[in-house]
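Undergrad: sharing a model that was predicted from the sequence below.
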Amino acid sequence: MDTKFYIDTEANDDNAYKLAMQFACGLAKKDSAIKKIILYIHTKQNTGWFDRLFGPETVKKLFNGLKFSDCPVPFKFETKLTYKNVMYGNASDIVICCGIDSDDILKIDDYYSVKYIIAIPWLRKLTDKWIKTWNAIEISGKEKKEGSFPEPSCIVKLAMQQLTDSINMSTGISYQMDNDRAKTFIKALHKYEPELNADIIGSYLVRELNWDTRHAKDIEKLIETLNSGRFFKGGEKTGLQDYYKRWKNECK
C-alpha cells in the first residue's frame, strides 16, 4: 500500500491544507488501523494556516485533539519537540507535515506509530529529497515533476549490500568495527567510482536496504566529507583498490 504523499505547492496555500486534511480523512475511512491524524508543525506558534481555516478557538482545541463530524478520527497538533517515537504497538498515525523540510520528515519515517505521511512543502526544493527518496505520490492532481532518485551503480549497490550484511542494523555504524568498515567502503568507492552522490546512496539505503534514516545519514555525512575535499579518521588506508576490484568483478 502506498504510504507517502505530497502536494506540489509552496508558501501560503490554504487550499493545500484543506486538501491534505480531506485526503487524510479518506485514508482513515479506508484503514481501520488509523487512530489519529497528526498536524505536524515546527513550533506551537506555527498555526497560521489553521487560524485562517478554522479560527483561533478551534486551533486551541486542536492542541488537545479535536474530532470533526466528517472524519472518523481526531486531528491533533504535534511539534518537533512534542511528537516522539513510540517503540511498541502498530502504526496508527497519519502525519500531515506542515512546511517541514526533508531531514525532519525523514526522521519520522522511522517512527513505529507512523503509517502514512502527507507532506505540504513550504519551499519545494527543501522537501525534494524526501519526495525523491520514496517517489511519493502527488495528490492534488498536478503533473508529477520529479521521480525518485536514480539507482546507484551496480558497484555501489553491491558495496552497500555487503556493508548492510556485515553491521548491526539496530545501531548503524556506531560501533568501532562497523564504523571502520563503513569508512573503508566509502573511501574505496570515493577513490574509484566516477561519482559518489550522498543523497542517492542515502535514499537507496533507506528505501531498498531498510536502514533507519538516522543511520543512513551517518553514511551520507562520510560521503559529503570526502566530496568536499576533507578527510576523516578511521577505516583502512591500503588495499582500497582490492575492495573495488572485487565489487567490479562481481558486477560483471
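TA: Yes, it's here. Residues are numbered from 1 along each chain as shown.
Undergrad: quick one: contacts of stretch 117-124?
TA: 3-11, 13, 16-17, 20, 23-24, 94-101, 105, 108-109, 127, 130-131, 136, 139 (C-beta atoms under 8 Å, 6 or more residues apart in numbering). Any C-beta I mention is one placed from the backbone N, CA and C, and that applies to glycine too.
Undergrad: gap between the two ends of that stretch?
TA: 16 Å (C-alpha to C-alpha, to the nearest Å).
Undergrad: what comes up buried for that stretch?
TA: Ile117, Ile118, Ala119, Ile120, Pro121, Trp122, Arg124 (16 or more other C-beta atoms under 10 Å).
Undergrad: and stretch 192-208, how far out from the chain middle?
TA: 14 Å (C-alpha atoms, centre = their mean, to the nearest Å).
Undergrad: now swap in stretch 40-52 and tell me
TA: Taking mean C-alpha positions (C-alpha atoms, centre = their mean), stretch 40-52 and its chain are 22 Å apart.
Undergrad: one more: stretch 35-52?
TA: For stretch 35-52, the distance to the chain centre is 20 Å (C-alpha atoms, centre = their mean).
Undergrad: same question for stretch 210-218.
TA: 9 Å.
Undergrad: can you pull out the residues in contact with that stretch?
TA: Against stretch 210-218 from outside (C-beta under 8 Å, 6+ apart): 103, 106-107, 109-110, 164, 169, 171-174, 182, 202, 205-206, 219.
Undergrad: kindly write the ChimeraX command that selects the buried subset of these.
TA: Burial among the contacts of stretch 210-218 is assessed by 16+ other C-beta under 10 Å; the matching ChimeraX selection reads:
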select :106,107,109,172,173,182,202,205,206,219
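Undergrad: with respect to Ser32, which of the contacts of stretch 210-218 is nearest?
TA: Distances from the contacts of stretch 210-218 to Ser32 were compared by C-beta to C-beta; the smallest belongs to Asp109, at 22.7 Å.
Undergrad: just give the closest residue to the closest one, not the sequence neighbours.
TA: Thr213 (5.5 Å; C-beta to C-beta, 6 or more residues apart in numbering).
Undergrad: do you know how far that neighbour is from Gln22?
TA: 28 Å (C-beta to C-beta, to the nearest Å).
Undergrad: between the two, who's got more neighbours?
TA: Ranked by neighbour count (other C-beta atoms under 10 Å), Thr213 and Gln22 place Thr213 first, with 20 against 12.
Undergrad: which is the next helix or strand following the lowest-mean-pLDDT helix or strand in the chain?
TA: Confidence across the helices and strands of the chain bottoms out at helix 48-54, with a mean of 90, counting by mean pLDDT, DSSP states H and E. Sequence order places helix 56-62 as the next helix or strand after helix 48-54, per DSSP states H and E.
Undergrad: quick one: low-confidence parts of the stretch 101-250 of the chain?
TA: 143-147 (pLDDT under 70).
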